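Colleague: can't give you the sequence, but here's the structure:
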């Protein structure tokens, strides 16, 4: 079916994304606890993105579990999602190194928004193939969280320029509620 | 059969290639939108290469799906393809950091040409084993796109020194038409 | 079941963690043996962490081998473990570049402690699902080593400020005895 | 059996090793062909190591194909092999950046020697489990190449200090003849 390779490739890319972010934690030259201070915000941005990428992996895992066949448009929709996720290490590091200022926060939220849209598009392609009576279609039909998260990111982008912390709070809140959008009784 | 491991290894290498390119997007030290300006060309070279590597992964996926057995020469032809693809992060970064100038564009096109030739050689090895009546052999027989793409890269190399943008246009055009060279009715 | 993808993703992340640590071995500009001298402590910290990550991979391999189904809480407990392991390249490099001084040694031990706790939590989640009569539950019941290792790390954290070498000795000792905590007769 | 995960993990590590070496090809700031000149030796060391790692992957692929079960000592012998292979990006870059001088060449040959020994040990562990009548045991029995390669590396280490090019010639020759040591009629 080819589904296995799509999963394997996605797992590979997501595994690399979630791991190379740690390379942005630049190793201090001194051995004191104070030397770790400058990387504290980078560390928090890492934790936030680790959770966000983890959520995507979990959801992707559940969604592809409910999928039975692959076609060309699903392959490309999946690559499109991986593209926006692949930018997360960059936007994370920019936000972390600049202490969660307005512009990097807005760009970070924008990246997550595009990833959420790409996920939504991928979901649509899979449902189109699986049919309206499929497990996935019914699970998504009652999934208000999946629809709420792009709205949350959309609000957090302009909000970053009013209050960066408020914007980040929404991003965190979306992560918390977004957790497992499709999980009817999929194992 | 060993086919699974060939797929898994190729997926791993391609996943890493497509992801480590993002490390070339150097994180700016300032939090302003202007600070992102210097990396705009690097970003566009990243997008172009993400699509090109994505096309190779898709095609590789379809081609190996139609393959039934592996032999030593296929293993090496596959490694040869991965070698030229592994240089893409380097040629991409060089082109991006030098604002798509003539020489880096020509070297980028050369790398893609060598990858296209390597893909062609790999295809030949697989067809030789699968036989002239195989699904793959028949799909490739009517595939003018697969033959057009090396020609496109061959033209874009000298053209880069006349007009770099014209050269890049051909590279993009090849990406657009090259998409899915072998896709008769493979799932 | 989804177990395969959990294994594949974990393998990917652990493979990347164990490999990117080598990027901290900065290539010297001179060709003499003396030029390698500054990276000797980094090399030893690399060897230590390679073994520790190797132990985790081996144990993870055995534990998931004995698992039959996956649920949401296992997915997250697994990601939690991968998070602490993903910090190992950073803590390793910090310890290596600062010649195994007190503070980096304590932070390194703290990271391993958190990973050991995360492993313990993951084990608990899996046993809860597999049931008290499962192979895993019985193997863990008689596993004093798995319980000894967090205690070892807990001691090595404050000990680092008294004697860093003594602290490192405990870390090494835990690695030696921790080797294969659950290995009743699992293949 | 767990064999699948051993293969998957090894594939992941080897895929990363073969790919991160390209990160040592530092992107020049100028767009001229001359700007590529300083990285020419690094490029050649990359090609050499790509081939060497490719040979190991191929051989590993064939050897594990002929293996039926995994035990603890095979897991560790495999990790031991991966350890020496994981140092190849470092020794490659050191040799390349120092224009194939004596000391880096000797260290490079030493790393390959240790990898060859580790491969030999792994092979022994697998044969011990598979039994003297197994396909693998018989294939290895007539394999003079597998025994010749450690000898070649052993010679090339001291030879590097007499003549670095002669030493490199032996390393290349070993790569050429070492190609596929065990390939009776394994697919």
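Modeller: Arrived safely. As the structure is a computational prediction, the values presented were derived from the model and not from experiment.
Colleague: and residue A:149, how far is that from residue A:56?
Modeller: To residue A:56, residue A:149 is 11 Å away according to Cβ to Cβ, to the nearest Å. In this view, the C-beta of every residue, glycine as well, is placed from N, C-alpha and C.
Colleague: mind listing what whichever residue of chain A sits closest to chain B touches?
Modeller: Chain B sits closest to residue A:12 of chain A, with a gap of 3.2 Å, by Cβ to the nearest Cβ. Contacts for residue A:12 (Cβ atoms under 8 Å, 6 or more residues apart in numbering or on different chains) come out as B:11, B:12, B:15, B:16, C:12, D:12.
Colleague: same thing but 7 Å
Modeller: When contacts are counted by Cβ atoms under 7 Å, 6 or more residues apart in numbering or on different chains, residue A:12 touches B:11, B:12, B:15, C:12.
Colleague: Just the buried residues of the helix or strand harbouring it, please?
Modeller: Assigned by DSSP states H and E, residue A:12 falls within helix A:3-20. Using 16 or more other Cβ atoms under 10 Å in any protein chain shown as the test for burial, helix A:3-20 gives A:4-20.
Colleague: from the chain's centre, how far out does it sit?
Modeller: Taking the mean of its C-alpha atoms, helix A:3-20 sits 13 Å from the chain's own mean (Cα atoms, centre = their mean, to the nearest Å).
Colleague: Also compute the angle for it relative to helix C:3-20, please.
Modeller: With axes from the mean of the first three to the mean of the last three Cα atoms, to 10 degrees applied, the angle from helix A:3-20 to helix C:3-20 works out at 40 degrees.
Colleague: C-terminal to helix A:3-20, what's the next element?
Modeller: helix A:40-65.
Colleague: what's that following helix packed up against?
Modeller: helix A:3-20, helix A:88-97, helix A:102-130, helix A:164-178, helix C:72-86 (3 or more Cβ pairs under 7 Å, 6 or more residues apart in numbering or on different chains; DSSP states H and E).
Colleague: which stretch in those helices is the model least sure about?
Modeller: Comparing mean pLDDT across the helices and strands packed on helix A:40-65, the weakest is helix A:164-178, with a mean of 87.
Colleague: Show me what that one is packed against.
Modeller: Counting by 3+ Cβ pairs under 7 Å, 6+ apart, helix A:164-178 packs on helix A:40-65, helix A:102-130, helix A:144-162.
Colleague: How much space separates the spatially closest residue to residue A:51 that is not a sequence neighbour from chain D?
Modeller: Of all residues not flanking residue A:51 in the chain, residue A:175 sits nearest, at 5.5 Å (Cβ to Cβ, 6 or more residues apart in numbering or on different chains). Look at residue A:175 and chain D: by Cβ to the nearest Cβ, to the nearest Å, they are 27 Å apart.
Colleague: which residues touch residue A:175?
Modeller: A:51, A:52, A:55.
Colleague: So residue A:10 is in contact with residue A:78, correct?
Modeller: Yes: applying Cβ atoms under 7 Å, one finds residue A:10 in contact with residue A:78, separated by 6.3 Å.
Colleague: Redo the helices and strands packed on helix A:164-178 as TSV? Include distance to residue B:99.
Modeller: Listed next are those as TSV, based on distance: least, Cβ to Cβ, whole Å:
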stretch	distance to residue B:99
helix A:40-65	29
helix A:102-130	22
helix A:144-162	29
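Colleague: Throw the ones you listed into CSV and include mean neighbour count, thanks.
Modeller: Conversion of the helices and strands packed on helix A:164-178 to CSV gives the following (neighbours: other Cβ atoms under 10 Å in any protein chain shown):
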stretch, mean neighbour count
helix A:40-65, 20
helix A:102-130, 21
helix A:144-162, 17
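Colleague: which one is the residue in chain A positioned nearest to chain D nearest to, not counting chain neighbours?
Modeller: Closest to chain D within chain A is residue A:12: 7.8 Å, counting by Cβ to the nearest Cβ. Spatial nearest neighbour of residue A:12, excluding adjacent residues (Cβ to Cβ, 6+ apart): residue B:15 at 3.2 Å.
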